[in-house]
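Colleague: Need coordinates for the below:
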Amino acid sequence: MSEKELMDQEEIYSKVLRAGRRTYFFDVRSTKAGDYYLTITESKKFTHDDGSFHYKKHKIYLYKEDFGSFREIMNEMMDYIIDKKGLEVISERHQKDFKKEEASENGTTNSDNSFTDVDFDDI
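Modeller: Below is the predicted model:
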């Protein structure tokens, strides 16, 4: 059996979540014994000054015996974040009217009036 056939046999069910520069892949795979497990892969695109790019990937393997504890802690953590900060995203990147403040020599802050128009669909 070729490596591609082996990979096709292992991939049972997949979903993709695109989130800006990050993409999350959720894949159900099969063990050699025929049982299933979950892989979660985060892929993040990085663009170099010359326009070339590369991806960094991080992967989690989650097996059935850990599903209950993982789900419980994941739900607890997400509930905690939502309870403390709500559903609104708080980030300079997500604030349309955000103005970066820089400290001047006398210790006061000045708004940075420079602006670069960036189309994030190209990143």
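
Colleague: where does this protein have low pLDDT?
Modeller: The chain contains residues with pLDDT under 70 at 1-10, 92-123.

Colleague: Could you give me the buried positions within whichever strand or helix holds residue 27?
Modeller: Per DSSP states H and E: residue 27 is located in strand 22-30. For strand 22-30, a neighbour-count test (16 or more other Cβ atoms under 10 Å) marks 23, 27, 29 as buried. C-betas here are computed from N, CA, C, even on glycine.

Colleague: Can you list the strands that it pairs with?
Modeller: Its sheet considered, strand 22-30 pairs with strand 11-19 (antiparallel), strand 36-47 (antiparallel) by DSSP bridges.

Colleague: With distance to residue 86 and mean neighbour count as extra columns, can I get the ones you listed in JSON lines?
Modeller: Output for the strands paired with strand 22-30, formatted as JSON lines (distance: least, Cβ to Cβ, whole Å; neighbours: other Cβ atoms under 10 Å):
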{"stretch": "strand 11-19", "distance to residue 86": "19", "mean neighbour count": "10"}
{"stretch": "strand 36-47", "distance to residue 86": "24", "mean neighbour count": "15"}
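
Colleague: need these in CSV with distance to residue 67, can you?
Modeller: Shown next, in CSV, are the strands paired with strand 22-30 (distance: least, Cβ to Cβ, whole Å):
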stretch, distance to residue 67
strand 11-19, 15
strand 36-47, 8
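
Colleague: which residues touch the longest helix seen in the chain?
Modeller: Across the chain, the longest stretch assigned as helix under DSSP state H is helix 67-85. With contact meaning Cβ atoms under 8 Å, 6 or more residues apart in numbering, helix 67-85 is reached by residue 62.

Colleague: That one vs strand 36-47, what angle?
Modeller: Angle of helix 67-85 versus strand 36-47, following axes from the mean of the first three to the mean of the last three Cα atoms, to 10 degrees, is 40 degrees.

Colleague: would you put the C-alpha positions of helix 67-85 in CSV?
Modeller: Presented in CSV, the C-alpha positions along helix 67-85 are these (Å, rounded to 0.1, in the frame of the first residue of the first chain):
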residue,chain,number,x,y,z
PHE,A,67,-12.3,13.3,25.3
GLY,A,68,-14.4,13.8,28.5
SER,A,69,-11.7,15.6,30.5
PHE,A,70,-10.6,17.6,27.4
ARG,A,71,-14.2,18.7,26.7
GLU,A,72,-14.8,19.6,30.3
ILE,A,73,-11.7,21.7,30.6
MET,A,74,-12.2,23.3,27.2
ASN,A,75,-15.8,24.3,28.0
GLU,A,76,-14.7,25.6,31.5
MET,A,77,-12.0,27.8,29.9
MET,A,78,-14.3,29.1,27.1
ASP,A,79,-17.0,29.9,29.7
TYR,A,80,-14.5,31.6,31.9
ILE,A,81,-13.3,33.9,29.1
ILE,A,82,-16.8,34.7,27.9
ASP,A,83,-17.9,35.4,31.5
LYS,A,84,-15.0,37.7,32.2
LYS,A,85,-14.6,39.4,28.9
